[in-house]
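>>> Give me coordinates for this.
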Amino acid sequence: MDNSQIKVLVVDDQPSNLRFLSKLLTAQGYQVYRAICGQLALNVAIAHCPDLILLDIRMPEMNGYEVCRRLKATAKTEQIPVIFLSVLDDINDKLQAFRVGGADYIAKPFQVEEVLARIDKQVCLQKLQQQLKEQNSQLQQSQSLLASILNSSLDGMVAYSAIRNSEGNIVDFQWLLINPAAEKFSGMPFNEIVGKNLLAEISQVRKNGLFDLYVSVVETGESVDKEFYYEYEGDTSAWLHIVAVKLNDGLAVTFRNITERKRAEIALRDSEERFRAIFEQAAVGIAKTALSGQFMRVNPGFCQIVRYAESELLQQNWQAITHPDDIEADREYVRSLLAGKIKTFSLEKRLICKDEAVRWANVTVSAMRDVKGTPQYLICAIEDISQRKLVQELLQASLDIQTRYAQELTRSNAELEQFAYVASHDLQAPLSTIAGYAQLLENRCHNQLDAQGNKFLRNIVNSCGRMQALIDDLLQYSRVGRSEKPFDVIDCNLVFEDACANLQLAIRQNQASVTKGDLPRVRGDSFQLLQLFQNLIGNAIKYRSSEAPMVRVSASRQGDSWVFSVQDNGIGIAEQYHPRIFQIFQRLHTQKQYSGTGIGLAICQRIVDRHGGRLWVESELNRGSTFYFSIPIPK
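As a prediction, this is how the structure comes out:
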C-alpha cells in the first residue's frame, strides 16, 4: 500500500517513544509529525490536519483525554481518528478513552505488528469514510440534477410500475412519477395522481392503443421511439412523440406534444403537392438549387433543354453546364442576390448540353429566405431562347459582314488611290534605269571623279535601292486586302519552320534563339500567315538589344479564338507609341539606326484583319516586346 500521502501525528512526552514510533512509521512510508506535549499536539493538528493521531494518555499539564476532547470539540480536527497508547490497562481507562472520542486503544508495551495493523485499519476506515462522503455528495448532485431536469424539461416525463394479476399478466400501471410538463398536459397535479392507477384515471389509453404499447415495452424490454396519435376526452386529440423504455417491472415515458408541427407538416405536404403539379407540368425549365449552385430538384422542362436525365442533373451544378465565358457574370449576380442588393435577376447565358451543344437560355433567379431573411436556396426559371439568339446572330453576322466589306472597300479604294501611281510599272522601270546607270558610272568613272562626286553616286544608288524596296512593300501591302485566295486549314508549326528558314541568315548573324510552343491548326491564307510570322520574328531580331535575341512563339485558346504571341528581349517600345507603329510609313528610328520602310507592321495588321482577328502589342522601353494576334476558331 502506498502510504506516502498519509500524515500521522505521534504525541508522547517520552522522547525515546517518539523516536521509536517515528522511525517505525517513517519506514512504512507515512509522513510523521511529532509532539511532546498536549498543547503542541493541538497546534500541530490544526496546522497540518493529520489523517491519524497516536496519543499517549499520561502527560504533564494536559493529559491525552483532555487533548482528545479538545480535538473533537474543534470543527477542523473533529473527524481525525485518535488511537490511544498507554501503560494504563484498566477497563475504566479504556472506557474513558472511547468516551472522549478515541477510535482505538493500544496498551503498552505493545507489539509492532499490532500497532501497524491498528493504524492500517484506521487508515482504511478513514479512506472508506471519505469515499462514502464523496459518493453521497455525487448522489445528492445527481438527484438535484435529475430533479432540475424533470422540473425544467419542456417534455412530459412519467414513470409507471406494472400491476399484475395472479397469473402474472399486466392489468394496469401505477404512477410513480410525473413532472410539471406532464402535469400541464394531463391536467392532474403530482399529489393527486402519484400512487393511482393509469386505467382508473385515463380509461381512453386502452382504446387508443397506448396501454398495449406500454405493456409491450415492459414484457419485451424493447424501447419505443415513435409518433403517436393520442385521442382523449371525446373529440380532443393530439400528436405526441413518445419514447418509452423499460424500468425494472415498469417503464419510463418521455413525450412531447408535436401537434402544431404535424399540422404544419400536413399543410406543407398539401402545398408541396400543388407545387409539384406546377413544377412538373410547367412549359419552361424550373430548378431548385443550393446556394452553391448544386441542383437539388429539376423539372422535365429543364431536362429537355439541356438533354440530361433528372438523375444526371442532380449530380451537377450550374457552373458545370454554364459556358465558361458566362460564369463570372453569373457569380456576380448571385453574390448581389445573396447579399440582399437585388431581389431577383434575369440574364441571358449559354448552357452546355449533355451532347456538348450550346443553347442560349434566359435564366431568372430568386432567393428563398427563412423568417430571419437568411437565404436558404434558389429557384431558377429557364427559358430556351436558342432560336431567337440564332436569328439575332445571323442578322448581326450579316450586318457585320456587310459593314466590314464596305469599310474594307472604302479603305482599299482610298489607299489604292494614294499609291497606285507609285506602284506602277512606269515608276519602277525609270527607277531601275536610273539605278543601273548610276551603278555604271560608279564602276567606270570611280577614278575620274573626286570624293564628293563618288559620294553623290553612292547616294543615288542607295536612294534607288530604298525606293525599290518601298515600291515592293507597297505592292505587297496592297495585295493583302485584294487577295481572293480561299482559306485552307494551315498547320502553324509548319508556317513557323518556313519563316525561320527564310530568316536563317538574320538568325545566324545575330546569334538569335527562336523557339516555339505547340502551335494549332487554323483556317487561313498560308502565304499571308508566312508573311505575318516572318515579319514579327524578323522585327524581334532586328530591334535587338545588346544581348543576343531570344524569340519565343506560342499560342493558347481564349474563348472562340486562338491567341498567338511573339515575345522578344529587344529594345522595347514606349507605351505612347503602341498605336502608331501599326500605321503605314510610321517609323520610330532613322535609317541609320534601323533600316526599313515603315510598312511591315501595317502589312501584319492587314493580314490579321483579313483573317478576322486583332493585332496588338505589350511592351516597355528596354524591357522587350510581346506582339499578340488572334485568329477566330471556325464554329
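>>> Every contact and neighbour count from this point should use C-alpha atoms.
Fine.
>>> Check the offset of the longest helix along the chain from the chain's centre.
As assigned by DSSP state H, the longest helix anywhere in the chain is helix 112-152. In terms of Cα atoms, centre = their mean, to the nearest Å, the centre of helix 112-152 is set 52 Å apart from its chain centre.
>>> when you give positions from now on, start the count at 22
I'll keep to 22 as the first residue from here, and by that count the last item is helix 133-173.
>>> Who are the packing partners of the helix or strand just after it?
Per DSSP states H and E, the first helix or strand lying C-terminal to helix 133-173 is strand 177-185. The contact analysis (3 or more Cα pairs under 8 Å, 6 or more residues apart in numbering; DSSP states H and E) places strand 177-185 against strand 191-199, helix 201-207, strand 271-278.
>>> could those be laid out in CSV, adding mean neighbour count?
Shown next, in CSV, are those (neighbours: other Cα atoms under 10 Å):
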stretch, mean neighbour count
strand 191-199, 19
helix 201-207, 17
strand 271-278, 20
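>>> Pull up the gap between the residue most central in space within the chain and Val136, please.
What sits nearest the mean C-alpha location of the chain, by Cα atoms, centre = their mean, is Ser313, with 11.0 Å. Applying Cα to Cα, to the nearest Å, the value for Ser313 to Val136 is 79 Å.
>>> Likewise for Ala48?
Per Cα to Cα, Ala48 is found 13 Å from Val136.
>>> These two: who's more crowded?
Val136 (20 against 10; other Cα atoms under 10 Å).
>>> How about the more buried one: what's its closest non-neighbour residue?
Nearest non-adjacent residue to Val136, counting by Cα to Cα, 6 or more residues apart in numbering: Ile127, 7.4 Å away.
>>> residue at max distance from the center of the protein?
Gln469 (89.8 Å).
>>> Please report phi then psi for that residue.
In this entry, Gln469 is assigned phi and psi values of phi -90, psi -20 (degrees, to the nearest 10).
>>> ok so, going back, for the residue nearest to Val136, give me its contacts.
Each residue near Ile127 by Cα atoms under 8 Å, 6 or more residues apart in numbering is listed here: Ile104, Phe105, Leu106, Ser107, Val136.
>>> try it again with 10 Å
Contact analysis of Ile127 by Cα atoms under 10 Å, 6 or more residues apart in numbering lists 75-77, 104-110, 115, 135-136, 139.
>>> Helices of the stretch 322-471 of the chain, residue ranges please.
Secondary structure of the stretch 322-471 of the chain, counting by DSSP state H, counting those that start in this stretch: helices at 331-334, 339-342, 348-359, 407-440, 446-465.
>>> and those helices, which one's lowest on average pLDDT?
With a mean of 66, helix 446-465 has the lowest mean pLDDT of the helices of the stretch 322-471 of the chain.
>>> Report the separation between Arg297 and Ile326.
19 Å.
>>> for Lys115, same thing?
Distance from Lys115 to Ile326, by Cα to Cα: 105 Å.
>>> Looking only at neighbour counts, state which of the two leads.
Taking other Cα under 10 Å, Lys115 and Ile326 do not tie; Ile326 has more neighbours (21 against 18).
>>> Any idea what the closest residue to the more buried one other than its chain neighbours is bridged to?
Distances taken as Cα to Cα, 6+ apart place Asp405 nearest to Ile326, at 6.7 Å, with adjacent residues excluded. Judged by DSSP bridges, the bridge partners of Asp405 are Ala382.
>>> residue boundaries of the strands in the stretch 222-371 of the chain?
245-253, 257-267, 271-278, 306-310, 316-319, 365-373 (DSSP state E, counting those that start in this stretch).
>>> Distance to Met389 and mean pLDDT for these - can I get that in CSV?
Below are those laid out as CSV (distance: least, Cα to Cα, whole Å; pLDDT from 0 to 100):
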stretch, distance to Met389, mean pLDDT
strand 245-253, 30, 80
strand 257-267, 30, 85
strand 271-278, 29, 87
strand 306-310, 10, 90
strand 316-319, 14, 91
strand 365-373, 10, 91
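>>> Of all those, which one comes closest to Thr424?
strand 365-373 (26.0 Å; Cα to Cα).
>>> got the buried residues for the closest one?
Going by neighbour count (16 or more other Cα atoms under 10 Å), the buried part of strand 365-373 is Thr365, Phe366, Glu369, Lys370, Arg371, Leu372, Ile373.
>>> For the fifth one, which residues are in contact?
Neighbour list for Arg371: 342-348, 378-384, 405-407 [criterion: Cα under 10 Å, 6+ apart].
>>> Narrow these to just the buried residues.
Using 16+ other Cα under 10 Å as the burial test, the contacts of Arg371 include 342-344, 348, 379-384, 405-407 as buried.
>>> which one of those residues sits closest to Pro321?
Among the buried ones among the contacts of Arg371, and counting by Cα to Cα, the member closest to Pro321 is Asp405, at 13.2 Å.
>>> Please verify my assumption that the closest one contacts Cys324.
No. Counting by Cα atoms under 10 Å, Asp405 sits too far from Cys324 to count as a contact (11.5 Å).
>>> Point out where the stretch 422-571 of the chain drops to low pLDDT.
Where the stretch 422-571 of the chain drops to pLDDT under 70, the residues are 427, 430-431, 433-454, 456-459, 479-480, 482-506.
>>> contacting residues for Tyr81?
You called it Tyr, but residue 81 is Pro. Asp34, Ile57, Cys58, Gly59.
>>> Most neighbours among those, please name it.
Gly59 (25 neighbours).
>>> which ones are touching that one?
Gly59 makes contact with 32-34, 65, 76-78, 80-89, according to Cα under 10 Å, 6+ apart.
>>> So which of the residues you listed are in strands?
Judged by DSSP state E, strands contain the following of these: Val32, Leu76, Asp77.
>>> Let me know how buried the first one is, in neighbour terms.
The one in question is Val32. Using other Cα under 10 Å, Val32 has 29 neighbouring residues.
>>> now it: how far from Ile140?
The value you get for Val32 to Ile140, if Cα to Cα is used, is 15 Å.
>>> go on, the second one?
Leu76 sits 12 Å away from Ile140 when distances are taken as Cα to Cα.
>>> so what sits against both of Asp405 and Cys324?
Gly306.
>>> on that earlier part again, as TSV, the buried ones among the contacts of Arg371 with distance to Lys283 would be great.
Converted to TSV, the buried ones among the contacts of Arg371 look like this (distance: Cα to Cα, whole Å):
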residue	distance to Lys283
Ile342	39
Thr343	40
His344	44
Ile348	42
Val379	46
Arg380	44
Trp381	44
Ala382	40
Asn383	39
Val384	36
Asp405	40
Ile406	43
Ser407	46
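>>> what's the closest of the residues you listed to Lys309?
Comparing the buried ones among the contacts of Arg371 against Lys309 with Cα to Cα places Val384 closest, at 12.5 Å.
>>> residues contacting the closest residue to the closest one other than its chain neighbours?
Ranked by Cα to Cα, 6+ apart and with sequence neighbours excluded, the top spatial neighbour of Val384 is Ile403, at 4.6 Å. Counting by Cα under 10 Å, 6+ apart, Ile403 touches 304-308, 322-323, 326, 367-369, 381-386.
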